[in-house]
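**Student:** give the three-dimensional model of this entry:
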Amino acid sequence: MKANEIRKCFLDFFKSKNHVVVPSAPIVVKNDPTLMFTNAGMNQFKDVFLGNKSPKAPRVADIQKCLRVSGKHNDLEEVGRDTYHHTMFEMMGNWSFGDYFKEEAIAWAWEFLTEVLKIDKERLYVTVFGGDPKDGLDPDNEAFTFWKKHIDESRIIYGSKKDNFWEMGDTGPCGPCSEIHIDIRSDEDRNAVNGKDLVNKDNPEVIEIWNLVFIQFNRLANGSLVNLPEKHVDTGMGFERLVRVMQNKKSNYDTDIFQPVIQTIAEMAGVRYGDDEQKDIAMRVVADHLRAVSFALSDGQLPSNNGAGYVIRRILRRAVRYGYTFLGFTEPFMYKLLPVLVNEMGEQYPELVSQQTLVSKVMHEEESSFLRTLSQGIRRFESYVEQNVSLKTIDGAFAFELFDTYGFPVDLTNLMAEEKGLSVDMESFSLKLEEQKNRSRKAAEKTSGDWVVLFDMESSFVGYDTTQAVSKILRFREVTAKNKKHYEIVLDKTPFYAEMGGQVGDKGILSSDDEMINVVNTVKENDLIIHITDKLPQNPELPFTASVDVERRRKIEANHSATHLMHAALRMVLGSHVEQKGSLVDDERLRFDFSHFAKMTDEEIKKVESLVNEKIRENIKNVTAVDVPLEEAKNMGAMALFGEKYGDKVRVVSFDPSYSCELCGGTHVPATGCIGAFKILTESAIAAGVRRIEAVTGEEVLRYLDSFIDTVDKIKAVVKSSGDVVKAVETLSSNNQMLQKRVDALMMNMAVSEMKTAYRHAEVCNGRKIVVTKVDADVNQLKNMAAALKDIDNDAVAILGGVTDNKPAICLLLPQSLVDASFDATVMIREVAKEIQGGGGGQKNLATAGGKNVSGLDKAMEMLKQHFV
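**Tutor:** Prediction:
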């Protein structure tokens, strides 16, 4: 019996029992915050069970499409590996809302299986609820009695609460259930081990096929059970398992539900199903996930980066990854399987037929998008493993990088690791994920609308040769970020350079006969050049002239080409160890990060500047070679960035191959003379062994020089010199130093005077003078006072407090005799520093502290004094 015949047979049977056949509810749940997807047959009747809605009829039958990939009902990891787990599955069910109950439900289930489908009764076992003392529930002897009318009681098993008591949730309708199991093992195996002993023992050939739930209680919030005013029946039979039984197969995937798709996959991949276990798993995964994605898309759930949309994207990407890795699919392929699925299931689910075109387009786009990043991510993973050969566990931070950068769900990383005998540090991955979530919560949410696709064709970049092109819009969408809307447009051909390789994206305008649209940035996403605009076109079907801001582009090109010249100069001046570690090139300046072990000297900076400006004056022509085989480019001397991944064919930009030759996809000046001039502004460290240079070119050099000259003129005015400004500043500095010395001497004399006064009024404790005084002074002045005390009495203690600009300070001086007696000024000062909301330190004989709470100064000084009285 074929799958479609079994579906019809089931519905016809219950129609004959006066059931109203209802269509499946959508697989995507729209109005229930507790569910993203329909994961059980009863979901669409939830409100009826809760008493919030009246049923359409007291008896109902249906075949419900379900999806289990998240939450506690998550079978994703088992899909394809075993014979019976699926993401999307069909649940056959019959329902009674306050009508028939256990006796009829049991009788009709037995009749359908044994008389209609002619299943061997000797292979069937049933379970009933065995009771639960905690809930005060007796065994379901009523169901046991009804079953005895149809099956020998030796084949009836009392089951646990876990297996035989169904609950909707922590609260709500619930009740005992009775399962029907079938033993599909060979006669030899059945004779060796009684099937009864394998029920609910996870044996893949002794499986549950139908569950009859008798809803008769309501679980209250306090955990107690009360009887429902009406009793209901909720049954569920796994369609895929039933077809497996009817077609005498050992696996659900061997039935005609899956085989048409699997055989098509095998044909496309040039393999045969059954020859290679790993390829078989991949084909089963693809076949299963095709169903899940197709049904979700046909129900209106488009892929996205959150919620149900993310789940669908994750499932599709998992299938693509299996197809890519094990079946050799490097181009979109799943959408090509859709017609086979529609042919097999479209009769039962007409939405597949009506939505086939949409589903196919969305699926193709998602596949294309993911394939563009998948190969990069897999190469990144392989490289990581090769570089860490002794590693047994993949670092969670690296797994997060794959997840965050390449769109890899972590289950894919786990799978890739498992294939190499490795594991993933999920604890550290989870920490990284939580950190990201926390950052996301703080940042404004970004929401991208769906692409509106006008033309399904490739997009090309023509900006190397022109800054203007007549183009047509291929697609557009609306995006909200940081509570602001912008729009994204993709053209069939564009002169706009997308931000990449350190070079910022172009700006400009898109214009038609009717309107003008500002392009505020250009970025690249999954190989799509996206023009970010301030509005959407009113007539997107019209041709648009795409015009780059030429003046801005020329400045960017000058800075980019200057970066190449500077890179070469750095290697000549500093050594061949210099390698690029990062860059940023815009229309105002260039920033270049490079490996070097020391701060550049002024002389080295001048040499680099001189060399670059020399090459600019030589007006060297830009010679660019495209589609050069990578190895050939390297043989040409082209410099490749360490850690970068290049394609088989590359673009080589040279300004005199003997001087500068690099692999580069950016835009450049036609000749170095267009740069004008070059000036380094700063050179600094950004990490151990990594330096950063910021520089300007062309007009920005003139602006810098103008600003510098203005500054010099202002200094001349301040020092009142029209001649040698350097000599004038040196004289001013020398005079300042001389005056500062006089101030310091005066302050010291004042400190000595104040200390002499304080010393005369000091207390004597245990034969030692304890000088405690508070003055208007900062920490340095307090230290001067302490030094003055040592000259007066080197066995005295000083506890000095000062206030300057409303900021308190404390100084503690101890004689050597107390230090020898284990007193420590540093420890003591830190103990009291909290009183002034500050911190301190120093040496054992002299320590200071500063803070911000003036009101705590007296208490801090008193606490110190208590050590000596």
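**Student:** just give me the longest helix of this protein.
**Tutor:** Using DSSP state H to define each element, the chain has its longest helix at helix 725-760.
**Student:** continuing past that one, what's the next helix or strand?
**Tutor:** Counting by DSSP states H and E, the next helix or strand C-terminal to helix 725-760 is strand 763-765.
**Student:** figure out how far the next helix-or-strand element following that following strand is from the centre of its chain.
**Tutor:** Later in the chain than strand 763-765, the nearest helix or strand by DSSP H and E is strand 768-775. Its chain's average C-alpha position is 62 Å from that of strand 768-775, according to C-alpha atoms, centre = their mean, to the nearest Å.
**Student:** repeat for stretch 349-356
**Tutor:** Stretch 349-356 has its average C-alpha position 33 Å from the chain's average C-alpha position, going by C-alpha atoms, centre = their mean.
**Student:** residues of it that come out buried?
**Tutor:** 349, 351-352, 355-356 (16 or more other C-beta atoms under 10 Å). No exception for glycine: its C-beta is placed from N, CA and C like everyone else's.
**Student:** between the two ends of stretch 524-540, what distance do you get?
**Tutor:** 21 Å (C-alpha to C-alpha, to the nearest Å).
**Student:** where does pLDDT dip in the stretch 301-450 of the chain?
**Tutor:** 407, 409, 437, 439-448, 450 (pLDDT under 70).
**Student:** do the stretch 101-250 of the chain as well
**Tutor:** Ranges of the stretch 101-250 of the chain meeting pLDDT under 70: 221.
**Student:** burial count for residue 54?
**Tutor:** Residue 54 has 9 neighbours, counted by other C-beta atoms under 10 Å.
**Student:** so it makes contact with residue 48?
**Tutor:** Yes - between residue 54 and residue 48 there is a contact under C-beta atoms under 8 Å: 7.2 Å.
**Student:** which residue ranges of the stretch 301-450 of the chain form strands?
**Tutor:** All strands of the stretch 301-450 of the chain, identified by DSSP state E, counting those that start in this stretch, fall at 393-394, 423-424, 447-448.
**Student:** er, the stretch 751-869 of the chain I mean
**Tutor:** Taking DSSP E, counting those that start in this stretch as the criterion, the stretch 751-869 of the chain carries its strands at 763-765, 768-775, 797-804, 807-813, 839-842, 846-850.
**Student:** of all these, which lies closest to residue 120?
**Tutor:** Shortest distance between residue 120 and the strands of the stretch 751-869 of the chain, using C-beta to C-beta, is found for strand 839-842: 83.9 Å.
**Student:** so which bits of the longest helix of the chain are buried?
**Tutor:** Quick answer for helix 725-760 (16+ other C-beta under 10 Å): 728, 750-752, 754-755, 758-759.
**Student:** save those residues as a markdown table, and put in pLDDT and distance to residue 475 too.
**Tutor:** Below are the buried residues of helix 725-760 laid out as a markdown table (pLDDT from 0 to 100; distance: C-beta to C-beta, whole Å):
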| residue | pLDDT | distance to residue 475 |
| --- | --- | --- |
| 728 | 86 | 66 |
| 750 | 81 | 78 |
| 751 | 76 | 77 |
| 752 | 81 | 82 |
| 754 | 84 | 80 |
| 755 | 86 | 81 |
| 758 | 87 | 82 |
| 759 | 90 | 86 |
